[in-house]
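J.: sequence unknown, structure follows:
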């Protein structure tokens, strides 16, 4: 969407001359003499740009040859202040304040400042925000116009890891692109408030494609907000250089373990376990708190699990997610259950119900008895049907067990480990035709 100058009167075009070429970024007027932009826009490689290379233009929304320049104000830059946590070529604290000379005339039509978000009052994940920037409309192509992109906020860890003061946002209909760096992310409210500064884009497929993620410096955090207000050495939020490690017995009945990375800043560390959806940014938290262990059950089978280490100190909260979601597998015995168990004389009749994915596959069955069973076959192979009926040989009255062993298999891409279901049968049995919702008297431990 192409806004008018009066829709975003704080938005400026930042041009930097170097030799015979021009680089472009975006920025936001926060008062007559100051503009906020991305720190990386103030560097050429690892060296700071010369002050004489900048031109800051306000009051326009079309910088092309045919654009309306009637309200234009162009200014030079007299000083640049970069956040102390920023390092060229690295992620984090990517924000800078430019002082312009002479100050902008904010009484003019189409030019105004935008207020900064207050400390610790930024939007949470799920909130709606807007980016205004002068970026390309597609990779390698610029139309010279200011654009607006409506985005939804995601969790911090979805854009980066171990880096504080980050806002993460995306849109299903568009994306930030080259030249949007430094652009302001603002609230969708009226009047708007400046939330963040555009830093970089994550594009899994191609640059500038709809659905890409945009990472911003969060101006509401203590670390950044206090620096903007003049604190040259603000307290630092936690940082980590590696991701947490998700490991363990990642299947039903096992335990997932999230090993936290080392954090700076002496934080309190908690852990979130959550489901993630492939091809989507949707998540569902299944456990959070001080424990870094999560016991997996049958409800987790087929879900992709991610763990997030959350580090908090007085300066803020920083998150880091495990490297990739882990698909939780199951046990093959979860796909089969005892529907009926009844005794007739010295024989047991057991009716099994199996999931469709098991039908046609083979399992091994074995009857045993504590008092001994001379005629019990040692192991018998059985083809699994929709319902499978097993009849025991003549067995003693007490201590009869049926063991069902299944091989490992994969169902719809989900691994199921082969395992053994042990069914202990008692003289009371189950009423014929009655489904066993609970087999606590009949089913022993599954292993």
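T.: Received the coordinates, thanks. Quantities reported herein were computed from a predicted structural model and do not represent experimental measurements.

J.: low pLDDT regions in the stretch 251-400 of the chain?
T.: Applying pLDDT under 70 to the stretch 251-400 of the chain flags the ranges 375, 398.

J.: do that again at 80, thanks
T.: Under the criterion pLDDT under 80, the flagged ranges of the stretch 251-400 of the chain are 370-378, 396-399.

J.: how about the helices in the stretch 201-350 of the chain?
T.: 222-228 (DSSP state H, counting those that start in this stretch).

J.: where along it do the strands fall?
T.: For the stretch 201-350 of the chain, applying DSSP state E, counting those that start in this stretch gives strands covering 213-218, 245-248, 255-259, 268-276, 283-289, 293-295, 304-313, 316-321, 326-327, 330-331, 336-344, 347-354.

J.: the fourth one pairs with which strands, parallel or anti?
T.: Each strand pairing with strand 268-276, determined using DSSP bridges, is listed with its direction: strand 283-289 (antiparallel), strand 304-313 (antiparallel).

J.: any idea of the angle the longest one forms with strand 255-259?
T.: Orientation of strand 304-313 against strand 255-259 (axes from the mean of the first three to the mean of the last three CA atoms, to 10 degrees) gives an angle of 40 degrees.

J.: what distance separates strand 304-313 from the middle of the whole chain?
T.: Strand 304-313 sits 10 Å away from the centroid of its parent chain (CA atoms, centre = their mean, to the nearest Å).

J.: tilt between it and strand 316-321?
T.: Counting by the same axes, to 10 degrees, strand 304-313 lies at 160 degrees to strand 316-321.

J.: count of neighbours near residue 123?
T.: Residue 123 has 22 neighbours, counted by other CB atoms under 10 Å. (Glycine included, C-beta is placed from N, CA and C.)

J.: also the one 10 residues further on?
T.: For residue 133, the tally of surrounding residues (other CB under 10 Å) stands at 29.

J.: and it, how far from residue 17?
T.: Residue 133 sits 20 Å away from residue 17, going by CB to CB, to the nearest Å.

J.: also residue 391?
T.: 90 Å.

J.: compare these two (neighbour count), which wins?
T.: residue 17 (14 against 10).

J.: show the contacting residues for residue 57.
T.: 12, 13, 14, 15, 63, 72, 73, 74, 75 (CB atoms under 8 Å, 6 or more residues apart in numbering).

J.: contact partners for the third one?
T.: When contacts are counted by CB under 8 Å, 6+ apart, residue 14 is found next to 24-27, 35, 37, 41, 54-57, 98, 182.

J.: starting at the chain centroid, how far to the host helix or strand of it?
T.: For residue 14, the host element (DSSP states H and E) is strand 11-18. Between the centre of strand 11-18 and the centre of its host chain there is 33 Å, according to CA atoms, centre = their mean.

J.: ok, back up a step: for the buried ones among the contacts of residue 14, write the corresponding ChimeraX selection.
T.: One line in ChimeraX is enough to select the buried members of the contacts of residue 14, burial here meaning 16 or more other CB atoms under 10 Å:
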select :24,25,26,27,35,37,41,54,55,56,57,98,182
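
J.: quick check, nearest of the contacts of residue 14 to residue 374?
T.: For the contacts of residue 14, the residue nearest residue 374 by CB to CB is residue 182; the value is 85.0 Å.

J.: SS state for that closest one?
T.: Following DSSP: H, G, I helix; E, B strand; the rest coil, we place residue 182 in the coil state.

J.: model confidence for it, exactly?
T.: Note on residue 182: pLDDT of 97.

J.: residue contacts, the closest residue in space to it that isn't next to it in sequence?
T.: Leaving aside its chain neighbours, residue 182 sits nearest to residue 37 (3.4 Å; criterion: CB to CB, 6 or more residues apart in numbering). Contact analysis of residue 37 by CB under 8 Å, 6+ apart lists 14, 25, 26, 27, 28, 95, 96, 98, 181, 182, 197.

J.: in CSV: those residues, plus distance to residue 312 and secondary structure.
T.: CSV is the format used below for the contacts of residue 37 (distance: CB to CB, whole Å; DSSP: H, G, I helix; E, B strand; the rest coil):
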residue, distance to residue 312, secondary structure
14, 34, strand
25, 32, strand
26, 32, strand
27, 31, strand
28, 29, strand
95, 21, coil
96, 27, strand
98, 32, strand
181, 29, coil
182, 29, coil
197, 23, strand
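
J.: domains of the protein?
T.: Domains of the chain are assigned by automatic domain parsing as 1-234, 245-327, 330-425.

J.: list the pairing partners of the host helix or strand of residue 368 within its sheet, with orientation.
T.: In the assignment (DSSP H and E), residue 368 maps to strand 362-369. Sheet pairing of strand 362-369 (DSSP bridges) gives strand 380-383 (antiparallel), strand 400-406 (antiparallel).

J.: show me what counts as buried in it.
T.: Neighbour-count burial for strand 362-369 flags 363, 365, 366, 367, 369 (criterion: 16+ other CB under 10 Å).

J.: what sits against the most centrally placed residue in the chain?
T.: The centroid of the chain falls nearest to residue 158 when counting by CA atoms, centre = their mean (3.5 Å). Counting by CB under 8 Å, 6+ apart, residue 158 touches 168, 213, 281, 321.
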